[in-house]
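sequence and predicted model, in that order:
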Amino acid sequence: MDALPKSRLLQFVERAMVLARRAVPRYSTRYSRKRFTLRQHVVLLCLKVKKTTTYRDLVDELIEMPRIRDAVDLDSIPAPSTLCKVFDRLEMAVWRVLLNVSLSEMPLNGVTGIDASGFERAYASTHYTKRTNLTIQQLKTTLLVDTAINAVLDIHVTTTRTHDTQIAPQVVKRNADSIEVLTGDKGYDDQTLRQLTRKHGIRPLIKHREFSSLQKAWNARLDSDLYHRRNMNETVNTAIKQKYGAFVRSRRWWKQFRELVIKCVVHNIEQTLT
């Protein structure tokens, strides 16, 4: 009898497990109860985000998913509260490492785009929001995307109205070795940012705000083919929101930040399966 073909979900879990083995220690401490590994927990948290479900529903579905359990080496299924506590306990550094590792086998080309978007801090329907005059504060989320395969290189999240030109230098410094060309819209029009990129050997393709004929001429001289690769950043932002939700479920800001990083990790894993 022929073996059943692997579903996309099973491929996702297997890939996530490979990355978790590279990025995460087996146990958090030597005093761990060792019933479940940290790697298993990380994969299950990624699976929760991919399926846009709750801890309780994920655990319920795992009961009927033997191939998924085998891929994660689960002899038993953790309680929803266990996964919730693991998410609280895992530091942002773990997810940042996993994000970096998720890029390890991708054919990146160094032509990157930077752009910001907003994620709702609570979920509410548009009808309810309008009817109650409710204003939901958004998280400002800046993604650095490699346009070769639309992979997320880095993410910056803030609850404030920090200007794009103040966020971009932090992102560039963290990822200078992975960037050859940086594309950005007029929101990133800042000479200090351009000087920083050139200092790191990066070619800036950032449009100028047009207040004079000279600035219009500068924009006309931009490499249009490369500059329009910036649109891939908007594509990635839209894809993440459509697949994994345009909102975060967590109530505390530091959990919300982690949740958004996991969305990016899940997106990168999905990109390796295309």
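Good, I have the coordinates.

C-alpha only now, for contacts and for neighbours.
OK.

any idea how far Val43 is from Glu270?
Counting by CA to CA, to the nearest Å, the gap from Glu270 to Val43 is 13 Å.

the two: which is more packed in?
Set side by side, Glu270 and Val43 show unequal neighbour counts under other CA atoms under 10 Å, the larger going to Val43 at 22 against 18.

quick check: the more buried one touching Val18?
No - at 9.5 Å, Val43 does not count as touching Val18 under the criterion of CA atoms under 8 Å.

run the chain-centre distance for stretch 199-219.
When distances are taken as CA atoms, centre = their mean, to the nearest Å, stretch 199-219 is centred 28 Å away from the chain's centroid.

please enumerate the helices of the stretch 51-200 of the chain.
55-62, 66-71, 80-89, 92-101, 126-131, 164-174, 191-199 (DSSP state H, counting those that start in this stretch).

select the longest helix from this structure.
Using DSSP state H to assign secondary structure, the helix with the most residues in the chain is helix 253-272.

what comes up buried for that one?
Along helix 253-272, these residues count as buried under the neighbour rule (16 or more other CA atoms under 10 Å): 255-272.

who does it touch, helix- and strand-wise?
With contacts defined as 3 or more CA pairs under 8 Å, 6 or more residues apart in numbering; DSSP states H and E, the packing partners of helix 253-272 are helix 8-23, helix 38-50, helix 92-101, strand 151-158, helix 231-244.

quick one: contacts of the third one?
Helix 92-101 has contacts (CA atoms under 8 Å, 6 or more residues apart in numbering) with 19-20, 22-24, 153-154, 258, 261-262, 264-265, 268.

Asp164: which of these is nearest?
The shortest separation between Asp164 and any of the contacts of helix 92-101 is 14.7 Å, and it belongs to Asp154 (by CA to CA).

how about the closest one, what does it touch?
For Asp154, the residues meeting the contact criterion (CA under 8 Å, 6+ apart) are Leu99, Leu143, Leu144, Val145, Val171, Asn175.

what's the closest of those residues to Leu196?
Taking CA to CA as the measure, Val171 is the one of these closest to Leu196, at 11.3 Å.

would you agree the closest one is in contact with Val152?
No - Val171 is not in contact with Val152 according to CA under 8 Å; the separation is 12.0 Å.

tell me which of these two has more neighbours.
Of the pair Val171 and Val152, Val152 is the one with more neighbours under other CA under 10 Å, namely 26 against 18.

okay, and the beta partners of that one?
According to DSSP bridges, the partner residues bridging Val152 are Val145.

mind checking pLDDT for it?
Turning to Val152, the model gives it a pLDDT of 97.

ok, now which ones touch it?
The neighbours of Val152, taking CA under 8 Å, 6+ apart as the test, are Leu143, Leu144, Val145, Asp146, Cys264, Val265, His267, Asn268.

contacting residues around the closest residue in space to the last one that isn't next to it in sequence?
Using CA to CA, 6 or more residues apart in numbering and skipping the chain neighbours, the partner closest in space to Asn268 is Ala151 (5.6 Å). Residues touching Ala151, when contacts are defined by CA under 8 Å, 6+ apart, comprise Leu103, Val145, Val236, His267, Asn268, Gln271.
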